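1. Test case, fold it:
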Amino acid sequence: MDGFRLCLALGPLTVYLLVLAWINLARRPFLVSGTRDLAALGVGVSGMVLVGPVELLLPEQAIYAYKSYVWLLLVVMYGLCVSLAALLARPRLTIYNFTLDRLRPVLASAIDELDPDARWAGASLALPKLQVEFFLESSPVLKNVSLVATTEDQSFAGWRRLESALATRLREAESPANACGIVLAGACFLLAACISWQVLLHPQAVTAGFRDMLRL
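-> From the prediction side, this is the model:
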């Protein structure tokens, strides 16, 4: 893999890991919907997808027909695919840098306000008035908790109300920094160093790789 393709593959991933490191090292929980979480992951791996399967399966006829504009079409197509996957996925809310024990009282407070008729069944919860039903999925190692829809037939308006209520209460919550953030920050530093090494020490190779990829 030449210098430009290496930078393209690692660049978005480095930014994605940097954001995750910042979230995990902060002393506050971070709430994100499943749609935005999946979209961010799609952006993070976009470089590897473009220089991997997309370029490998790209027909030469398309390059001759559309020249360098073929990459613009591929980026748009990739964005549409990620958007479609995010929209078709089951509703989900993920709270980063927060444990299940800390989340339970916050969630109970939000539920009491939204739907007093809420019913618990183990780790699952049904909110009849909001037409929302989910189960709690915890990851102690990564220190995050997800509220995952049990079925696809649910009210998106209800999920938005639940997200808004949780976000309001989590603004006042605090949480110790997650040690996982240090690992993510270290990985981000190594990737950034690799990109900098390619750009600063081998600028001609990076330029040549750029021209070769765009067939200039």
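2. show me what contacts residue 21?
-> 181, 182, 184, 185, 188 (CB atoms under 8 Å, 6 or more residues apart in numbering). C-betas here are computed from N, CA, C, even on glycine.
3. Next one: residue 165, what pLDDT does it get?
-> Note on residue 165: pLDDT of 92.
4. Spatially nearest residue to it, not counting backbone neighbours?
-> residue 110 (4.0 Å; CB to CB, 6 or more residues apart in numbering).
5. ok, of the contacts of residue 21, which come out buried?
-> The neighbour count (16 or more other CB atoms under 10 Å) marks 181, 184, 185, 188 as buried among the contacts of residue 21.
6. Relative to residue 90, which of these is nearest.
-> residue 184 (26.1 Å; CB to CB).
7. hang on, residue 147 packs against residue 136?
-> Yes. The criterion here is CB atoms under 8 Å, and residue 147 meets it with residue 136 at 6.4 Å.
8. For those two, work out which one has more neighbours and name it.
-> residue 147 (23 against 16; other CB atoms under 10 Å).
9. Please enumerate the strands of this structure.
-> 30-33, 92-96, 119-121, 124-127, 132-139, 144-149 (DSSP state E).
10. So what's the residue count around the closest residue to residue 15 other than its chain neighbours?
-> Excluding the flanking residues, the one nearest residue 15 by CB to CB, 6+ apart is residue 44, at 7.2 Å. Neighbour count for residue 44, taken as other CB under 10 Å: 18.
11. Tell me where the protein is predicted with low confidence.
-> For the chain, applying pLDDT under 70 flags the ranges 1, 62, 215-216.
12. give me that answer again for 80
-> 1-2, 55-69, 122-123, 152, 212-216 (pLDDT under 80).
13. count of neighbours near residue 6?
-> Residue 6: 20 neighbours (other CB under 10 Å).
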